[in-house]
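>>> Pasting the sequence and the predicted model now:
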Amino acid sequence: MNKAISGFSKLPKEEKIQWIANQYFSKPLEALALLKNYWNTDEKIQKLHDEFIENTITNFYIPLGVAPNFLINGKFSTIPMAIEESSVVAAAAKAANFWSTRGGFKATVINTEKIGQVHFLYKGDASKLNAFFSQIKSQLYDETASITTNMQKRGGGILDIILNDKTHLMPNYFQLHATFETKDSMGANFINSCLEQFAKTLKEEACHYNLFNEDEKDIEVVMSILSNYVPNCIVRAEVSCPLSDLQEKQIPNPEEFAQKFIQAVQIAEIEPYRAVTHNKGIMNGVDAVVLATGNDFRAVEAGIHAYASRNGQYSSLSHAKIEDGIFSFWLEIPLALGTVGGLTSLHPLVKLSLEMLENPSAKELMQFVAVAGLAQNFAALRSLTTTGIQEGHMKMHLNNIINQFEATDVERMAIQKHFKKNTISHSAVENYIISLRE
Ligand code: MEV
């Protein structure tokens, strides 16, 4: 059967799902019912979601959880997290509780510079291009005035534009490298609009520049686009306490715990295979808050992993030490986030998440996100270096299996008691439930 179709995007939603159901499903009616089951009963909300992207057929749910008791810079917050992976929210909440009685998290925004580039080809004398750039630089600012006026009123705008010679990497390749301050917006639209105007000015002015020959006048713009690598848009999150304060029921020997914890961090600093998983744990916290607050987690992921490789080898984003009897654990990550624009005023649950965070500025949101990443990393390393990660996971797994078999409350208690002492596996639980039911 031919499963191609032309004009699909123009079909009404009902016809789209009809076509999908008939083409791809052995039980089309069931597929249709499932798709519709996930439509929102409130037509206004559904329309909103339909219009976020193209060819929407239904909604794909991800749970929104919360981790309360985060003491950050002396103030308690509850952090919203959108994530499908079990244990992540529980781990964040546990780390938040732990640090809330040990001085809490400190978070600091170090800088907030965003970046965009116009990539172009220029066939000629580089010194002439430099002179030309110096001459048109103020014009690059002037001709973006209509785009930058509002941003300037909010204290942002273009910070600088420089010309980079990249001909050692590719023949004739140069770039305008611009830096921006975009305040509470992530700034993608603002930056891209400025860049496209720079490209226009660059090309037009080159045509009229007397010192250029015909080849030099013919600047070829390849593309104008922001960079998701923002190594000067950094937030730091940290926790620290006297070694002895680490003690609690599950940490009977704080010194031994701290030493092993630091070794685990060092392994991630020197060993890329471990660093990737270590940082993945950090991203469990980072992405969940980024997603809940309507930000672009792909941009954040790409930028953070590039940052983790900035010294030529992929390495840990977090670090730990003991100095003068004080245990410290911290991370620094690049984060380009917005709390205005984009989804932030459109998606009802994004609005709710931002309100839960008391409508933060972009800088405050950077702090929440970094803290969630550090908390997650602390929780993971704590389990890994003590009980191992499976203990917690298997408890969750057991719960999922119990639910799958629709166990009664009495059965549930018996199963949980039995598997405190016995190894959990799907078949072991299944056999035990069967034996109970016999
Ligand atoms: C699982 O989602 C994340 C961990 O693998 C992170 C880590 O190993 O540090 C537990």
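Received, thanks.

>>> Just the buried residues of stretch 333-343, please?
333, 334, 335, 336, 337, 338, 339, 340, 341, 342, 343 (16 or more other C-beta atoms under 10 Å). The C-beta positions use only the backbone N, C-alpha and C, and glycine is treated the same way.

>>> what about that stretch, start to end distance?
Start-to-end span of stretch 333-343 (C-alpha to C-alpha, to the nearest Å) is 23 Å.

>>> out of the buried residues of stretch 333-343, which one sits closest to residue 386?
Set against residue 386, the nearest of those by C-beta to C-beta is residue 333 (25.5 Å).

>>> Any idea what that closest one is bridged to?
Beta-bridge partners for residue 333, by DSSP bridges, are residue 235.

>>> Report the contact partners of it.
Shown in contact with residue 333 (C-beta atoms under 8 Å, 6 or more residues apart in numbering): 234, 235, 282, 286, 304, 307, 317, 370, 373.

>>> Now do the SS call for the third one.
Yep, that's residue 282 we're talking about. Classification of residue 282 using DSSP: H, G, I helix; E, B strand; the rest coil returns helix.

>>> swap in the last one?
Following three-state DSSP, residue 373 is assigned to helix.

>>> okay, now it: neighbour count?
30 (other C-beta atoms under 10 Å).

>>> now do the fifth one
Other residues near residue 304 number 22, with proximity taken as other C-beta under 10 Å.

>>> can you tell me which helix or strand it belongs to?
helix 297-308 (DSSP states H and E).

>>> Who are the packing partners of that helix?
Judged by 3 or more C-beta pairs under 8 Å, 6 or more residues apart in numbering; DSSP states H and E, helix 297-308 is in contact with helix 272-292, strand 326-334.

>>> from the chain's centre, how far out does the shortest one sit?
The chain centroid and the centroid of strand 326-334 are separated by 18 Å under C-alpha atoms, centre = their mean, to the nearest Å.

>>> Buried residues in the helix or strand just after that strand, which are they?
Note on strand 326-334: by DSSP H and E, the next helix or strand toward the C-terminus is helix 348-356. By 16+ other C-beta under 10 Å, the buried positions in helix 348-356 come out as 350, 351, 353, 354, 356.

>>> now swap in stretch 296-310 and tell me
Buried residues in stretch 296-310 (16+ other C-beta under 10 Å): 296, 299, 300, 301, 303, 304, 305, 306, 307, 308.

>>> now do stretch 309-322
Buried residues in stretch 309-322, defined by neighbour count with 16+ other C-beta under 10 Å: 314, 315, 316, 317, 318, 319, 320.

>>> Let's have those residues in TSV, adding pLDDT, distance to the ligand and secondary structure.
What follows is the buried residues of stretch 309-322, written out as TSV (pLDDT from 0 to 100; distance: C-beta to the nearest ligand atom, whole Å; DSSP: H, G, I helix; E, B strand; the rest coil):
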residue	pLDDT	distance to the ligand	secondary structure
314	98	14	coil
315	98	14	coil
316	98	10	coil
317	98	11	coil
318	99	10	strand
319	98	14	strand
320	98	13	strand
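
>>> For burial, what's the neighbour tally of residue 52?
11.

>>> Distance check, it against the ligand.
Distance check for residue 52 against the ligand: by C-beta to the nearest ligand atom, to the nearest Å, it reads 27 Å.

>>> Also residue 415?
Separation of residue 415 from the ligand (C-beta to the nearest ligand atom): 25 Å.

>>> That residue: what's it in contact with?
When contacts are counted by C-beta under 8 Å, 6+ apart, residue 415 touches 398, 402, 407, 429, 432, 433, 436.

>>> of those residues, buried ones?
Buried, going by 16+ other C-beta under 10 Å: 398, 402, 407, 429, 432, 433, out of those.

>>> No more questions from me, cheers.
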